[in-house]
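Asks: Generate coordinates for the sequence data below:
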Amino acid sequence: MSISQRPAYIYRPMTSADVASAHALSVQLKWPHRLEDWAMLQRIAQGFVVEDAGRLIGTAFTCAQGHYATIGLVIVSDEYQGQGIGRKLMELALEACGSRTAVLNATLAGAPLYASQGFIEFGHIQQHQGHARVPAPNDLAAGEHCRPLTEADRSVQIELANAGSGLDRHAVLNELFDVVEHSVGIERDGQLRAFALLRPFGRGRCIGPVIAENPEQAKHLIAVLLTQVPDAFVRMDIPSDSGLAPWLEEAGLKHVDTVAQMARGTPPQVIGAVHQFALVTQAIG
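Replies: Numbers count the residues shown, from 1 in each chain. All right, here's what the predicted structure looks like:
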């Protein structure tokens, strides 16, 4: 059957019943996401799928986060490439953004396509991963101490994450809190100033988000978390200007990929003294 004779592809919202097929599609493309990673994104974001005769052949997500919406996991099966399916999925994802500013992390090869759709590049994200050589935590500044976090700290973590990312992290973090294995924070003058989370993701564990006032706080938090999983495969996605890359390389988390941060409008702005030193995921920001 020729392309012109194919039944029309069906584009529709994703449901929980699509998660297994979407995961299988990403496995075919050798993406590391687990079924649970897909399920989490389906719960917190608006997903779209495209089908050919009942077979799922493409996906995209829009995750609303305040005045911004992150777009991710735009996938089209290899055998359906070049038919405009990815562009149509992007149109649906952009429409779902409404009045929010769309933000995404694009492969360097894909960045020109997004630029043609009105996105501007405002930074780069480096993917680091591997089996870490657990570093000794560096000394903190006078008056600072690191401690495990509890449920009572969650509201402050959300405030810090909002300030450090420029996004509204309420929905994202309230979902993450249920799957986090270890969470640590730095306190000064009786107030939480920085935190980091470790959870299962992909081929092993992910550290992120990491929100801190400076790279030394971020390094301390990451080192403490790495001591909790000394034999695990760990992934982190960090801004290229975070100052963490050489230290992570020395710790065995090698730089394996770089993507471009792009926004269709003014990028998210940091509020206050904290910064995001590691993303939640590339799809969520």
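Asks: what's in contact with stretch 129-149?
Replies: Defining contact as Cβ atoms under 8 Å, 6 or more residues apart in numbering, one finds that stretch 129-149 is touched by 157, 182-189, 192-193, 195, 203, 216-217, 219-221, 223-224, 226-227, 230-236, 247, 250-254, 256. The way it works is simple: take the backbone N, C-alpha and C, and place the C-beta from them, glycine included.
Asks: which among those end up buried?
Replies: 157, 182-188, 192-193, 195, 216-217, 219-221, 223-224, 226, 232-236, 247, 251-253 (16 or more other Cβ atoms under 10 Å).
Asks: show me where the stretch 101-250 of the chain has helices.
Replies: 111-116, 154-165, 170-176, 215-228, 245-250 (DSSP state H, counting those that start in this stretch).
Asks: possible to save these as CSV with distance to Leu56?
Replies: Below are these laid out as CSV (distance: least, Cβ to Cβ, whole Å):
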stretch, distance to Leu56
helix 111-116, 22
helix 154-165, 31
helix 170-176, 23
helix 215-228, 35
helix 245-250, 36
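Asks: what about these, which gets the closest to Glu36?
Replies: Distance to Glu36, taken as Cβ to Cβ, is lowest for helix 170-176 among the helices of the stretch 101-250 of the chain, at 11.3 Å.
Asks: and that closest one, which residues are buried?
Replies: Using 16+ other Cβ under 10 Å as the test for burial, helix 170-176 gives Ala171, Val172, Leu173, Leu176.
Asks: Ok, stretch 87-94 next?
Replies: Lys88, Leu89, Met90, Leu92, Ala93, Leu94.
Asks: Now intersect those residues with the helices, please.
Replies: Here DSSP state H is the test, and the buried residues of stretch 87-94 give Lys88, Leu89, Met90, Leu92, Ala93, Leu94 as lying in helices.
Asks: quick one: least confident helix or strand in this protein?
Replies: Least confident element among the helices and strands of the chain, by mean pLDDT, DSSP states H and E: helix 111-116 (a mean of 87).
Asks: Show me what that one is packed against.
Replies: strand 101-107, strand 254-263 (3 or more Cβ pairs under 8 Å, 6 or more residues apart in numbering; DSSP states H and E).
Asks: Can you say which of these is packed in most?
Replies: strand 101-107 (a mean of 21; mean count of other Cβ atoms under 10 Å).
Asks: And the contacts of that strand?
Replies: 62, 67-72, 93-94, 113-114, 119, 125, 259-268, 282-283, 285.
Asks: can you pull the contacts of Ala260?
Replies: Applying Cβ under 8 Å, 6+ apart, we find Ala260 in contact with Asn105, Ala106, Thr107, Leu108, Ala111, Glu121, Gly123, His124, Ile125.
Asks: Which pair of those spans the longest distance?
Replies: Taking Cβ to Cβ as the measure, the contacts of Ala260 span a maximum distance of 14.6 Å, between Thr107 and Gly123.
Asks: Compute the inter-axis angle for the helix or strand containing Ala64 and strand 101-107.
Replies: Per DSSP states H and E, Ala64 falls inside strand 55-65. Angle of strand 55-65 versus strand 101-107, following axes from the mean of the first three to the mean of the last three Cα atoms, to 10 degrees, is 130 degrees.
Asks: If you average the pLDDT over the helix or strand that strand 55-65 is followed by, what comes out?
Replies: Sequence order places strand 68-76 as the next helix or strand after strand 55-65, per DSSP H and E. Strand 68-76 carries an average pLDDT of 95.
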